[in-house]
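> I need the structure of the sequence given here:
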Amino acid sequence: MSPMTKMILISSLATGTIITASSHHWLMAWIGLEMNTLAIIPMISKQHHPRATEAATKYFLTQATASTMILFSSTTNAWQTGTWDIINMTNPTANMLFTMAIAMKLGLVPMHFWFPEVLQGSTIKTALIIATWQKLAPMTLIFMTSNNLSTTVLLMMAMISALLGGWAGLNQTQTRKIMAYSSITHLGWMAAISTIMPSILLLNLTLYLLMTTSMFYTLILLSSKNIKNMATSSTTSPMITTSAMMTLLSLGGLPPLTGFMPKWLVLEELTTQNFAPTATVLALSALLGLFFYLRLGYSSTITLAPNTTTAKHKWRFKSTINPLMLSLTLPASLLLLPITPMMC
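Next up is the predicted model:
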């Protein structure tokens, strides 16, 4: 892919998200979502590999269906209420359609099947964009319509997403699929709090973006596509491998790392609002996610792969990847827990 084409696609991605986030009219929000979808398709299929083509096709069909449902729900709401404003989504049928569409856009259960397959078929850099930047526009729409969405439906989807994301990630060996199920779990936590306390949703989304970006850049620097690659990375990059372990523990929500903050605030707010059963299910689901995070961290830092040479470090090429993004996101992914009182 030429630099000019890549620049146009990335600019279209950014523009689509900005249009959706800054619009008050449903038609403009839909246009922004379509720009996002059409810009990411060539980036997924640029490998000219059958798996990449399959991933691009799955992504296109899923996102096109979700966009159609969003347009249909907004048209239904405008037909019943006479307004196209996003914040005035008051029709119950339109709300239900929109909830299903946004769940499909994000990859929430039960519309999650496309997400791990698309990430596995993409390059790791494209998977990073799909798991982070592509969540901004749908989350903005959830934030703007949070007063009208069904709390019961979102809580049910949140519990199932957190459980299934943790359960399905237990048997994975590919790092991109592990990150996909990690994303589904975190999206479940965000969906649980979206209609109850939208400010915690924004905090959760921000920290999720920081931690996921940090972990993906670590995988890029280590060239790790599966657990086997992670097991041999400690001899080439011990410091980056150690930071990967800490980032995984932060994603799992262990104190005193940053990832404990959103889980703590979500559980506290759910308990305050008398949703104790939901909080209990989410807390138990965190143990499932923590298991496969620990498994990945254990294989990369605590164990050593069998070596056939007596050399202390494995021979390697000099890395040509700029670690600037990792140096910016890693401290925030690990050290923000002390500012929690400022967020309450």
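> Can you tell me the SS state at residue 35?
When classified by DSSP: H, G, I helix; E, B strand; the rest coil, residue 35 comes out as helix.
> quick one, what contacts the nearest residue to it once chain neighbours are set aside?
Distances taken as C-beta to C-beta, 6 or more residues apart in numbering place residue 16 nearest to residue 35, at 3.1 Å, with adjacent residues excluded. C-betas here are computed from N, CA, C, even on glycine. The contact partners of residue 16, by C-beta atoms under 8 Å, 6 or more residues apart in numbering, come to 31, 32, 33, 34, 35, 36, 39, 137.
> Mind telling me the two of the residues you listed farthest from one another?
Put simply, by C-beta to C-beta the two of the contacts of residue 16 set farthest apart are 31 and 39, 12.5 Å from each other.
> Of those two, give the one with the bigger neighbour count.
residue 39 (21 against 16; other C-beta atoms under 10 Å).
> Once you drop chain neighbours, what's closest to that one?
Using C-beta to C-beta, 6+ apart, the closest residue to residue 39 is residue 12 (3.7 Å).
> With residue 196 instead?
Per C-beta to C-beta, 6+ apart, closest to residue 196 is residue 273, 5.5 Å.
> count of neighbours near the one you found?
14.
> Residue 112 versus that one, what's the distance?
From residue 273 over to residue 112 the distance is 26 Å, taken as C-beta to C-beta, to the nearest Å.
> what's the following helix or strand after the helix or strand hosting residue 103?
If you go by DSSP states H and E, residue 103 is part of helix 92-106. Once helix 92-106 ends, the next helix or strand along the chain (criterion: DSSP H and E) is helix 114-121.
> Show me what that following helix is packed up against.
Judged by 3 or more C-beta pairs under 8 Å, 6 or more residues apart in numbering; DSSP states H and E, the packing partners of helix 114-121 are helix 50-81, helix 124-131, helix 175-193.
> low-confidence ranges in the stretch 201-344 of the chain?
Applying pLDDT under 70 to the stretch 201-344 of the chain flags residues 303-321, 344.
> Now do the helices in it.
Assigned by DSSP state H, counting those that start in this stretch, the helices in the stretch 201-344 of the chain fall at 227-231, 238-252, 260-272, 276-297, 324-335, 340-343.
> Turn those helices into JSON lines, columns for distance to residue 159 and mean neighbour count.
Below are those laid out as JSON lines (distance: least, C-beta to C-beta, whole Å; neighbours: other C-beta atoms under 10 Å):
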{"stretch": "helix 227-231", "distance to residue 159": "28", "mean neighbour count": "19"}
{"stretch": "helix 238-252", "distance to residue 159": "18", "mean neighbour count": "22"}
{"stretch": "helix 260-272", "distance to residue 159": "11", "mean neighbour count": "19"}
{"stretch": "helix 276-297", "distance to residue 159": "5", "mean neighbour count": "19"}
{"stretch": "helix 324-335", "distance to residue 159": "26", "mean neighbour count": "18"}
{"stretch": "helix 340-343", "distance to residue 159": "24", "mean neighbour count": "10"}
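> To residue 197, which of those helices lies closest?
For these, the distance to residue 197 is smallest for helix 260-272, at 4.9 Å, taking C-beta to C-beta.
> and the closest one, how far from the chain's centre?
Distance of helix 260-272 from the chain centroid (C-alpha atoms, centre = their mean, to the nearest Å) equals 19 Å.
> where does the residue nearest to residue 196 fall, phi/psi-wise?
phi -90, psi 20 (degrees, to the nearest 10).
> so how far is residue 191 from the nearest residue in space to residue 281 that is not next to it in sequence?
Leaving aside its sequence neighbours, residue 281 sits nearest to residue 159 (C-beta to C-beta, 6+ apart; 4.7 Å). Residue 159 sits 9 Å away from residue 191, going by C-beta to C-beta.
> if you count what's nearby, which of these two comes out ahead?
residue 191 (30 against 22).
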